[in-house]
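>>> here is a sequence together with a model predicted from it:
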Amino acid sequence: MSDLSDLIEFKTLITPTVMSIVWVLGAGGIALAALTMLAGGSYKAATFWLVFGQLGWRLFTEAVVVLFAIHESLRAIERKP
């Protein structure tokens, strides 16, 4: 019961777990958009999105995960007697 209580009171965060799913969905969406551009004949745009779109998306999702890791570390410091 304390696990549910921790979730309700935001003591345990689910975002780090959810971010891995969000990253996969976003990376797939970027790849699909790049393939659509490629099929339309826009090779430079497709290459740009495959390289820099994926890189930017990865950096953004990692930054979010790092922020939550910092939060977890601060919670651990707070719990120390």
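It's in.
>>> torsion angles phi and psi at Gly40?
Main-chain dihedrals, Gly40, degrees, to the nearest 10: phi -80, psi 0.
>>> list the buried ones in stretch 63-70?
Of the residues in stretch 63-70, those buried by neighbour count under the rule 16 or more other CB atoms under 10 Å are Val65. In short, each C-beta sits where N, CA and C put it, glycine included.
>>> gap between it and the chain center?
Its chain's C-alpha centre and that of stretch 63-70 lie 10 Å apart, by CA atoms, centre = their mean, to the nearest Å.
>>> check which helix or strand His71 maps to.
helix 54-79 (DSSP states H and E).
>>> so how far is that helix from its chain's centroid?
10 Å.
>>> what packs against that helix?
Counting contacts by 3 or more CB pairs under 8 Å, 6 or more residues apart in numbering; DSSP states H and E, helix 54-79 packs against helix 15-39.
>>> output the below-cut-off pLDDT ranges for this protein.
1-2, 7, 10 (pLDDT under 70).
>>> repeat that for 50
Nowhere does the chain drop to pLDDT under 50.
>>> for Thr17, grab the count of nearby residues.
For Thr17, the count of nearby residues is 10 (other CB atoms under 10 Å).
>>> with Thr36 instead?
Using other CB under 10 Å, Thr36 has 13 neighbouring residues.
>>> gap between it and Thr12?
39 Å (CB to CB, to the nearest Å).
>>> apart from its neighbours in sequence, what residue is nearest the residue nearest the centre of the chain?
Nearest to the mean C-alpha position of the chain, by CA atoms, centre = their mean, lies Thr61 at 3.1 Å. In space, and not counting its chain neighbours, Thr61 is closest to Trp23: 4.4 Å by CB to CB, 6 or more residues apart in numbering.
>>> ok, the one you found - contacts?
57-58, 61 (CB atoms under 8 Å, 6 or more residues apart in numbering).
>>> and Leu32, by the same measure?
Leu32 sits next to no residue when contact means CB under 8 Å, 6+ apart.
>>> start at 13, not 1
Will do, 13 is the new start, and the previous item becomes Leu44.
>>> hmm, who's touching stretch 79-93?
Residues outside stretch 79-93 that contact it (CB under 8 Å, 6+ apart) are 23, 25, 27-28, 31.
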